[in-house]
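*Asks:* need the 3D shape of this:
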Amino acid sequence: MLIEGFRGVYPAIVSPRDGADAFGRAAFEQLIERLYEKGVHGLYVGGNTGEGYLMTVEERKLATEVAVQGSRRKGKVIVHVGAPAERDAVTLDAAGLDLF
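*Replies:* Below is the predicted model of the structure:
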């Protein structure tokens, strides 16, 4: 099934870590830029690469914010909000409402 408006390539983007084992924002921004330079149509954040479950809720929210900012006028963002704790999934889902 094709969801209206979503066509093309949406890679599951990795969420890099920095030297302090925190979310690597600068590396993530560079990766986003590079992917769009290569012609992707959007990004899939926090999903099939698996590390979304290893990140804190705050890191996942930050990754989503950075991906949305880096995708403005370039592509769409799909965000995986699944989490082992239901309250975390609900928090992540609700956080997306303020991004667009």
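*Asks:* for this protein, what spans make up the helices?
*Replies:* Taking DSSP state H as the test, the helices found in the chain are 25-37, 57-71, 86-95.
*Asks:* and of these, who's closest to residue 51?
*Replies:* For these, proximity to residue 51 was assessed by Cβ to Cβ; helix 57-71 is nearest, at 9.5 Å. Glycine gets a C-beta too; all of them are placed from N, C-alpha and C.
*Asks:* the most centrally placed residue in the chain and residue 19: what is the separation?
*Replies:* Of all residues in the chain, the one closest to the mean position by Cα atoms, centre = their mean is residue 45, 2.5 Å from it. According to Cβ to Cβ, to the nearest Å, residue 45 stands 22 Å off from residue 19.
*Asks:* about what we covered before: check contacts around the residue nearest to the centre of the chain.
*Replies:* Residue 45 makes contact with 13, 15, 52, 63-64, 67, 77-80, according to Cβ atoms under 8 Å, 6 or more residues apart in numbering.
*Asks:* just residue 92 next, same as before
*Replies:* Here residue 92 is in contact with 57, 60-61, 64, 79, 81, 83 (Cβ under 8 Å, 6+ apart).
*Asks:* go with 10 Å
*Replies:* 46, 52, 57, 60-61, 64, 79-83 (Cβ atoms under 10 Å, 6 or more residues apart in numbering).
*Asks:* out of the helices of the chain, which one sits most buried?
*Replies:* Greatest average neighbour count among those goes to helix 57-71 (a mean of 19), per mean count of other Cβ atoms under 10 Å.
*Asks:* who are the packing partners of that helix?
*Replies:* strand 12-13, helix 25-37, strand 42-45, strand 76-79, helix 86-95 (3 or more Cβ pairs under 10 Å, 6 or more residues apart in numbering; DSSP states H and E).
*Asks:* and the first one, how far out from the chain's middle?
*Replies:* This means strand 12-13. 7 Å (Cα atoms, centre = their mean, to the nearest Å).
*Asks:* packing partners for that strand?
*Replies:* helix 25-37, strand 42-45, helix 57-71.
*Asks:* quick one: closest of those to residue 94.
*Replies:* Nearest to residue 94, of the helices and strands packed on strand 12-13 and by Cβ to Cβ, is helix 57-71 at 10.2 Å.
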